[in-house]
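**Student:** dropping the sequence and predicted coords here.
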Amino acid sequence: MDFRTIVITGASSGIGAALARSLAAPGRTLALLGRNAGRLEEVATACRSKSADCKVASLDVADRDGLSAFLRDLEQDGPVDLLIANAGILEGRSADQALEDGKVARRVLETNLLAAIDIVHLVLPRMRRERRGQIVLVASLASLVPLPDAPAYSASKAGLLSYGLALRDAVAPEGVRVAVACPGFVATAMAGRHLGPRPGEISAADAAERILSGLRRNKGMIGFPLVPFWLSRLSLLVPEALRRRSMKGTRFHVGG
Ligand SMILES: NC(=O)c1ccc[n+]([C@@H]2O[C@H](COP(=O)([O-])OP(=O)(O)OC[C@H]3O[C@@H](n4cnc5c(N)ncnc54)[C@H](OP(=O)(O)O)[C@@H]3O)[C@@H](O)[C@H]2O)c1
C-alpha cells in the first residue's frame, strides 16, 4: 500500500501498536499518538528498527488544539496519506453496579466517538484538496450488538460505524477512502478489563493484519472474525426477544 505519512491514534498499546509495527517500513513516516510517552517510545523504537521514520506525540485525543498543532507541523513535509483513528477506552458497569454512571458514559462518547470525528476533520481538508487519502475508524462488533453492560461503549462504536460508512460515500467522489474496522475480541490491555467470556479472541497482531488486508481490498466495513461478524450483523434482523436471549451468555463487567 502506497502510504508515506501515517497517523495512528492509540499507538502506545494493543491494536494501534500492532498496526504501527506492521506498517513500519523504509520511506514511511509514522506519527504515533497516545498519552503514555514511555509506551509510545517503545513502539517507536520497534518501528525505527524497521527503518521507518517515527514522530511521537504524547497527547490526549480530547486535546483538539494540541492535535491540530501537531498535525499542522507534520503536514509541512506532505499530506497525511493514512489516518487510523484507533484510540479508545472500554468503560461500563463495574461488578457492584447494574449500570454505568452518566459521567462514565460521557467520557466514553467523548473519547471514542467525538475525538475520532475531530481528528478526521483535522486531516480531511488536505486529503480532499489533494484528492487522495485513506481514513480508518476502529469501531467494534459492539457497533452491531448493543451491550447492556457497556451502553455508552456500544453507542460510541455504533456512532463510529454509521459516521464512517456515511463519510465513505460522501468523500469517495473526491478520491478519499474511508473504512470502518469492527474487531471482535482482541487480546489487549483493554480486553483485560472486560471481565467475562471473550469467545474467539485473537491477537493484536492478527487484528492488525486483518485490518490492513481489508484496506488493500478497499472494504468499507472490515469485520472479523468472520463468524462472529456475520452473527452480529444477522442479530439485528431477528426478533428482539431472540436477540436478547442470545446475549445471555455474553454478560460481563468492567474491571479496574
Ligand atoms: N481489544 C478488543 O477486544 C477490542 C475489540 C473491538 C474494538 N476494539 C477497539 O480497538 C481500539 C484499540 O483498543 P485496544 O484493544 O488496542 O486497547 P488498548 O491496548 O487499551 O489501547 C488503547 C489505546 O488507546 C489510547 N487511548 C485511550 N484513551 C486515549 C486518550 N484519551 N487519548 C489518547 N489516546 C488514548 C491508549 O493510549 P494511552 O493509554 O497511551 O493513552 C492506547 O494506545 C479501541 O478503539 C477499541 O475500542 C478493541
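**Tutor:** Thanks, I have the structure now.

**Student:** Asn163: neighbour count?
**Tutor:** That one is not Asn; residue 163 is Tyr. 18 (other CB atoms under 10 Å). Where C-beta positions appear, they are placed from N, C-alpha and C, glycine not excepted.

**Student:** begin at 3 from here
**Tutor:** Done: numbering now begins at 3, and the last item shifts to Tyr165.

**Student:** hang on, it in a strand?
**Tutor:** No - counting by DSSP: H, G, I helix; E, B strand; the rest coil, Tyr165 is not part of a strand but helix.

**Student:** for it, give me its contacts.
**Tutor:** By CB atoms under 8 Å, 6 or more residues apart in numbering, Tyr165 lies in contact with Leu115, Ile119, Leu139.

**Student:** among these, name the ones in strands.
**Tutor:** Mapping the contacts of Tyr165 onto strands (DSSP state E) picks out Leu139.

**Student:** could you export the contacts of Tyr165 as TSV, including pLDDT and distance to Gly166?
**Tutor:** Converted to TSV, those look like this (pLDDT from 0 to 100; distance: CB to CB, whole Å):
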residue	pLDDT	distance to Gly166
Leu115	98	11
Ile119	98	10
Leu139	99	4
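
**Student:** and the gap between Leu21 and the ligand?
**Tutor:** Separation of Leu21 from the ligand (CB to the nearest ligand atom, to the nearest Å) stands at 9 Å.

**Student:** which element is the closest residue to that residue other than its chain neighbours on?
**Tutor:** Spatial nearest neighbour of Leu21, chain neighbours left out: Ala210 (4.5 Å); criterion: CB to CB, 6 or more residues apart in numbering. Using DSSP states H and E, Ala210 maps to helix 206-218.

**Student:** and what of Glu44?
**Tutor:** helix 39-50.

**Student:** that helix: what's the following helix or strand?
**Tutor:** Next along the chain after helix 39-50, taking DSSP H and E as the criterion, comes strand 55-60.

**Student:** contact partners for the residue of the stretch 53-202 of the chain found nearest the ligand?
**Tutor:** Per CB to the nearest ligand atom, Gly90 is where the stretch 53-202 of the chain lies closest to the ligand, at 2.3 Å. Contact analysis of Gly90 by CB under 8 Å, 6+ apart lists Gly12, Thr113, Asn114, Val140, Ser158, Met192.
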